[in-house]
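J.: how would this look folded up:
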Amino acid sequence: MASGLIAFPHPLDCPPDGILAIGGHLHPDILEVSYSFGIFPWFNEGEPVLWWFPNPRMVLKPPDVRISKSMRTYFNGKNFSFTLDQNFKQVIESCKFISRPGQDGTWISDALVNSFLELHQRGAAHSVEIWKNGVLVGGLYGMSVGKIFFGESMFSREPNASKFALIVLSKILHKKGFVLIDCQQETDHLARMGASPIKASEFYAAIKKNLLHSGKHQHSWSDWAQHL
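T.: As a prediction, the model looks like this:
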């Protein structure tokens, strides 16, 4: 374990603003501990690390993902292809650098990128890559702990590419027995995809139960693409 591991307050003692703790650092060992209790970092680069446990918590149960009629054409027409864990570095860097409306800068710091690259090598962090004519046009990445996937960020360079990534991930995780995809914060976009908010206490109960499965699926998911 890393020297200087930080101790977090109890997640259910988190104040209403959702910020559980301030400070510390982003060593991969610390991130593995924080995510196992549903605590995630989100902050502006160059500022102290903020650790979050929001209430309510936006989650998606994999079988509940909604596939609109317009999205079905992407599956039927083979507009996109997908892979898992084939280009994690390019996915996280695309999420870091892609322009987002209403946002200046990024919360995906260089330190966070480096830690997630290490976590990917450990089999704890994973990516979905969406391709069109051999070009990476979308994707997402996040952490896997037991039977819960903690979504971190997604990007899209083609319309609906990130939606396609979330649908692909949901369908595969459902087949693999995952119970939740953590979407962190409420958004209309995620609600339309089938996600819904739950109380922090309900999420924490799921987290505690999930600790029994820690270490499960901690390997490359590259061969999971064939399970869709």
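J.: Now for T73: which residues touch it?
T.: N79 (CB atoms under 8 Å, 6 or more residues apart in numbering). Yep, even glycine has a C-beta here, placed from its N, CA and C like the rest.
J.: what's the answer for N210, then?
T.: 145-148, 179.
J.: need the strands for the protein, in chain order.
T.: 19-22, 40-41, 50-52, 57-60, 81-84, 125-132, 135-145, 148-156, 180-184, 196-198 (DSSP state E).
J.: Distance of the residue nearest in space to the middle of the chain relative to S162?
T.: With distances taken as CA atoms, centre = their mean, G151 lies nearest the centre of the chain, 1.3 Å away. The gap separating G151 from S162 is 11 Å, by CB to CB, to the nearest Å.
J.: Identify the contacts common to those two.
T.: Common neighbours of G151 and S162 (CB under 8 Å, 6+ apart) are L140.
J.: just to revisit the earlier point, who wins on neighbours among the contacts of N210?
T.: Scoring the contacts of N210 on neighbours with other CB atoms under 10 Å, the highest-scoring entry is I148 at 25 neighbours.
J.: follow-up on the earlier one: looking at the contacts of N210, spot the one nearest F75.
T.: Nearest to F75 among the contacts of N210 is V179, at 24.0 Å by CB to CB.
J.: give me phi/psi at the closest one?
T.: As for V179, its main-chain torsions (degrees, to the nearest 10) stand at phi -100, psi -30.
J.: tell me the contacts of the residue lying closest to it once chain neighbours are set aside?
T.: Excluding its sequence neighbours, the residue lying closest to V179 (CB to CB, 6 or more residues apart in numbering) is K147, at 4.8 Å. Going by CB under 8 Å, 6+ apart, K147 touches 177-180, 210, 213, 216-217.
J.: Please work out how many residues are found near S144.
T.: 22.
J.: How much space separates it from N44?
T.: 26 Å.
J.: can you pull the contacts of N87?
T.: Counting by CB under 8 Å, 6+ apart, N87 has contacts 127, 129, 136.
J.: Considering those, which possesses the most neighbours?
T.: S127 (27 neighbours).
J.: how close does that one sit to K163?
T.: S127 is 16 Å from K163, by CB to CB.
J.: before we move on, the earlier item: please report the distance of the residue lying closest to the residue nearest to the centre of the chain once chain neighbours are set aside from V59.
T.: Spatial nearest neighbour of G151, excluding adjacent residues (CB to CB, 6+ apart): G142 at 4.3 Å. Counting by CB to CB, the separation of G142 from V59 is 13 Å.
J.: Residues that sit against both of those two, list them.
T.: The contact lists of G142 and V59 share D182, where a contact means CB under 8 Å, 6+ apart.
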